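Visitor: sequence first, then the predicted structure, then my questions.
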Amino acid sequence: MQVGEREPAPAPRNRWRPLAVAGVCVTATALVAAGSLRGENILNIQFHTFQDSRGVTVLEPIVDLDKDFTERSGLKVKFGVDAITGASDSCARCHPDGANSQRTFVNVDYRRKIGDYKLDVGGQISRENFYAADTAMVSISRDLNKGNTTIAGGYSFSLNQPQLHPTQSVENQYAHDLFFSVTQTLTKNTILQLAYDYNRISGYQSSPFLRTRVNDIMVVGNTPDLRSRQAVVVRLRQALPGDTYLQADYRRYFDTWSLASNTFSLGVEHYFKPSLLVGFTYRWYGQTGADFYQSSYTGNPIYYTGDFRLQPFNSATYTGHVVYTPAHRLLDLLPDKTAIDLQYDRYQASTQFASSMFTLGLRIPL
């Protein structure tokens with residue numbers, strides 16, 4: 001289960017969808033992702049390392065293949081493995097100090113152009129200790145106004161199945177997600193995107209691994225079995241003089257558990273030369289708590305939780321990245337224009353939680 005934002009988790013159980021924005025309820029990595037059909041025939045190989053202030057360490061290799069078959073069709077396949085040491089969401093009754101874990105996932109996205117429309121159909125399968133998630137999605141987009149306007153919409157369905165460790169019982173959680181976006185080219189240097197996301201989750205939504213104090217007794221939480229979530233996002237991309245690019249995002253999130261959040265991010269990228277891109281992004285996030293969240297409970301509460309992701313907090317994320325595309329082949333083994341991607345993320349929250357992530361990647365044209 002995900003909320004307006006969570007502190008970076010070692011094995012994020014992400015619902016996959018075609019449009020993403022920093023935060024959790026809506027997801028996108030490129031402003032014009034919905035408006036672009038043709039890929040670049042790229043193989044991405046990345047290796048992530050993650051460590052946080054709770055002693056959790058994650059090593060994650062990811063392979064991402066994006067391949068066109070024809071001018072009107074293409075396929076994207078992504079595979080990754082999380083090797084987790086001392087997972088923070090392990091069963092507190094059996095592993096109070098955390099436990100090693102592993103998550104494996106694969107997602108597939110088939111795209112095809114049909115007349116003036118661009119269709120994407122795909123899904124993701126994710127498996128980890130005591131948790132399984134399966135997602136199917138479909139989205140459609142169309143360019144209007146001589147290609148200056150792109151409208152897109154989509155739907156995804158997820159079946160999440162946590163195991164109530166240490167028992168063998170399995171619960172079901174169902175998530176339906178609808179999104180809509182409009183991407184507009186305002187000038188030759190400015191692009192604006194507006195997006196809306198609606199998500200409805202039903203079924204088991206408590207964490208079987210986290211306990212809270214009720215009348216001085218530590219018990220597993222009990223949360224409502226229905227939750228609706230909404231988010232509105234505004235994204236701006238602005239080209240500046242001197243091969244410099246500005247990106248600014250704002251996201252407003254709210255749900256039926258009375259949790260609301262605001263996210264602001266501002267980033268800049270600059271080409272020092274055609275082969276060297278350097279960028280920096282700052283992101284601020286703040287949320288209220290769920291209406292039933294307390295640090296401890298007394299009496300006979302209907303709902304209670306020990307999930308730290310439902311408490312009020314704010315956070316800041318600092319990201320720096322460098323993309324270097326050598327003029328000559330790397331080690332005479334890889335194709336021309338193979339790029340090296342380095343990224344460092346530092347996350348700090350008001351809950352005294354902090355984490356660092358380092359990413360090393362190769363972007364190989366095919």
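Guide: Arrived safely, thanks for sending. Residues are numbered from 1 along each chain as shown.

Visitor: only C-alpha atoms from now on, for both contacts and neighbour counts.
Guide: Noted.

Visitor: neighbouring strands of the helix or strand of the chain with the lowest mean pLDDT in the sheet, and parallel or not?
Guide: Here the helix or strand of the chain ranked lowest by mean pLDDT, DSSP states H and E is strand 73-87, holding a mean of 84. Partner strands and pairing direction for strand 73-87 (DSSP bridges) are strand 57-70 (antiparallel), strand 99-114 (antiparallel).

Visitor: pLDDT below threshold where in the stretch 201-350 of the chain?
Guide: Within the stretch 201-350 of the chain, the set of residues satisfying pLDDT under 70 comprises 330-331.

Visitor: please enumerate the strands of it.
Guide: 211-214, 217-220, 226-240, 244-255, 260-273, 276-287, 313-324, 339-349 (DSSP state E, counting those that start in this stretch).

Visitor: report how many residues lie close to the spatially closest residue to D116 that is not a sequence neighbour.
Guide: Of all residues beyond its chain neighbours, the one nearest D116 is R142 (6.2 Å), with distances taken as C-alpha to C-alpha, 6 or more residues apart in numbering. Neighbour count of R142, defined by other C-alpha atoms under 10 Å: 21.

Visitor: just confirm R142 is within a strand.
Guide: Yes - with DSSP: H, G, I helix; E, B strand; the rest coil as the criterion, R142 is part of a strand.

Visitor: tell me the pLDDT of it.
Guide: As predicted, R142 sits at a pLDDT of 96.

Visitor: beta partners of it?
Guide: Beta-bridge partners of R142, as defined by DSSP bridges: Y117, I151.

Visitor: isn't it right up against T150?
Guide: Yes - between R142 and T150 there is a contact under C-alpha atoms under 8 Å: 5.6 Å.

Visitor: circling back to that earlier point, using CSV, write out every CA atom in the least confident helix or strand of the chain.
Guide: C-alpha atoms of strand 73-87 as CSV (Å, rounded to 0.1, in the frame of the first residue of the first chain):
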residue,chain,number,x,y,z
SER,A,73,4.8,-0.7,-33.2
GLY,A,74,7.3,-1.3,-30.4
LEU,A,75,7.9,-3.1,-27.2
LYS,A,76,9.5,-2.2,-23.9
VAL,A,77,10.6,-4.9,-21.4
LYS,A,78,12.1,-4.2,-17.9
PHE,A,79,13.5,-6.7,-15.4
GLY,A,80,14.9,-6.0,-11.9
VAL,A,81,15.9,-7.7,-8.7
ASP,A,82,16.1,-6.1,-5.2
ALA,A,83,18.4,-7.8,-2.8
ILE,A,84,17.4,-6.4,0.6
THR,A,85,19.3,-6.6,3.9
GLY,A,86,17.4,-6.0,7.1
ALA,A,87,14.1,-5.0,5.4
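
Visitor: can I get the strands of the stretch 201-350 of the chain in a markdown table with mean neighbour count and distance to F358?
Guide: Output for those, formatted as a markdown table (neighbours: other C-alpha atoms under 10 Å; distance: least, C-alpha to C-alpha, whole Å):
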| stretch | mean neighbour count | distance to F358 |
| --- | --- | --- |
| strand 211-214 | 19 | 31 |
| strand 217-220 | 16 | 34 |
| strand 226-240 | 18 | 25 |
| strand 244-255 | 19 | 22 |
| strand 260-273 | 18 | 18 |
| strand 276-287 | 18 | 14 |
| strand 313-324 | 19 | 10 |
| strand 339-349 | 19 | 5 |
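
Visitor: out of those, which is closest to I84?
Guide: Nearest to I84 among these is strand 339-349 (18.2 Å), distances taken as C-alpha to C-alpha.

Visitor: what's the neighbour count on V108?
Guide: The burial count for V108: 18, using other C-alpha under 10 Å.

Visitor: what pairs with it across the strands?
Guide: Using DSSP bridges, the beta-bridge partners of V108 come out as V77, G123.

Visitor: and R112, by the same measure?
Guide: Residues in beta-bridge contact with R112 (DSSP bridges): S73, L119.

Visitor: could you pull up the residues touching it?
Guide: Shown in contact with R112 (C-alpha atoms under 8 Å, 6 or more residues apart in numbering): L37, R72, S73, G74, K118, L119, D120.

Visitor: the helix or strand hosting D134 to strand 99-114, inter-axis angle?
Guide: D134 belongs to strand 131-144 when assigned by DSSP states H and E. Relative orientation of strand 131-144 versus strand 99-114 (axes from the mean of the first three to the mean of the last three C-alpha atoms, to 10 degrees): 30 degrees.

Visitor: burial count for the closest residue to N41 other than its chain neighbours?
Guide: Of all residues not flanking N41 in the chain, K67 sits nearest, at 4.4 Å (C-alpha to C-alpha, 6+ apart). Neighbour count of K67, defined by other C-alpha under 10 Å: 20.

Visitor: could you check the pLDDT of K67?
Guide: According to the prediction, K67 has pLDDT 91.
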